[in-house]
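Q: quick one, what's the 3D model for this:
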Amino acid sequence: MTIARILATKGRDVVTAQPHRTLLEICEILAARRIGAVVIADAHGQLLGILSERDIVRAIGQAGASALDDPASSHMTTEVVTISENETLLATVEKMNNGRFRHMPIMKNGRLDGLISIGDVVKFRLAEMEREQSALREYIATV
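A: The predicted model follows:
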């Protein structure tokens, strides 16, 4: 099972923002889109970092509400772990667990090609387990 199957269902759209956007602007994007992270990219779409709800809470916890005026580049994760769509589901979950992060950009030929969250992975895996269970029930009923 590869990440490509999740992307085929979920889609490849990624919400991005430029590094000069303030944390407040990023909060507004997160709230409006009901998402947990934004990929920070330059004007050419090149991946620069990722900024999650956790990063924002950490910034506010350290600097107070004035952190909301800081640029995203001040608080984003710059060493972003990425994967390709050919990565297996298990390998992806291992990377997410080991890195203790919930969002992972998918790259293709050096370009951003999608984003998955741990929620996407869990949802896909539960649906897969349901299909397997249904197939087993059908098989048992016909034997």
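
Q: got the phi and psi for the residue nearest to M76 when sequence neighbours are not counted?
A: Among residues not flanking M76 along the chain, G49 sits closest, at 3.5 Å (Cβ to Cβ, 6 or more residues apart in numbering). Every residue, glycine included, has its C-beta placed from N, CA and C. With angles defined as degrees, to the nearest 10, G49 sits at phi 180, psi -170.

Q: hmm, G49 is touching D42, no?
A: No - using Cβ atoms under 8 Å, G49 makes no contact with D42, being 10.3 Å away.

Q: mean pLDDT per helix and strand in the protein: which one sits at the bottom?
A: Ranking every helix and strand in the chain by mean pLDDT, DSSP states H and E puts helix 118-142 at the bottom, with a mean of 86.

Q: contacts for that one, please.
A: Contacts to helix 118-142, defined as Cβ atoms under 8 Å, 6 or more residues apart in numbering, come from residues M1, R5, I6, T9, K10, L89, T92, V93, M96, R102, H103.

Q: recalculate using a threshold of 7 Å.
A: I6, T9, K10, L89, T92, V93, M96, R102 (Cβ atoms under 7 Å, 6 or more residues apart in numbering).

Q: list the contacts of the residue nearest to M1 when sequence neighbours are not counted.
A: The shortest distance from M1 to any non-neighbouring residue, by Cβ to Cβ, 6+ apart, is to L89 (4.5 Å). Counting by Cβ under 7 Å, 6+ apart, L89 makes contact with M1, V121, R125.

Q: and the nearest residue to A63 once chain neighbours are set aside, what are its phi and psi?
A: Distance criterion Cβ to Cβ, 6+ apart; nearest residue to A63, sequence neighbours excluded, is D70 at 7.5 Å. The phi/psi pair for D70 (degrees, to the nearest 10) reads phi -70, psi 150.

Q: C-alpha coordinates for whatever helix or strand L48 lives in, CSV please?
A: Taking DSSP states H and E as the definition, L48 sits inside strand 47-52. Taking Å, rounded to 0.1, in the frame of the first residue of the first chain, the C-alpha atoms of strand 47-52 are listed here in CSV:
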residue,chain,number,x,y,z
LEU,A,47,9.3,24.1,-0.1
LEU,A,48,10.9,26.2,2.7
GLY,A,49,9.3,24.8,5.8
ILE,A,50,6.1,23.8,7.5
LEU,A,51,4.2,25.6,10.2
SER,A,52,1.7,23.7,12.4
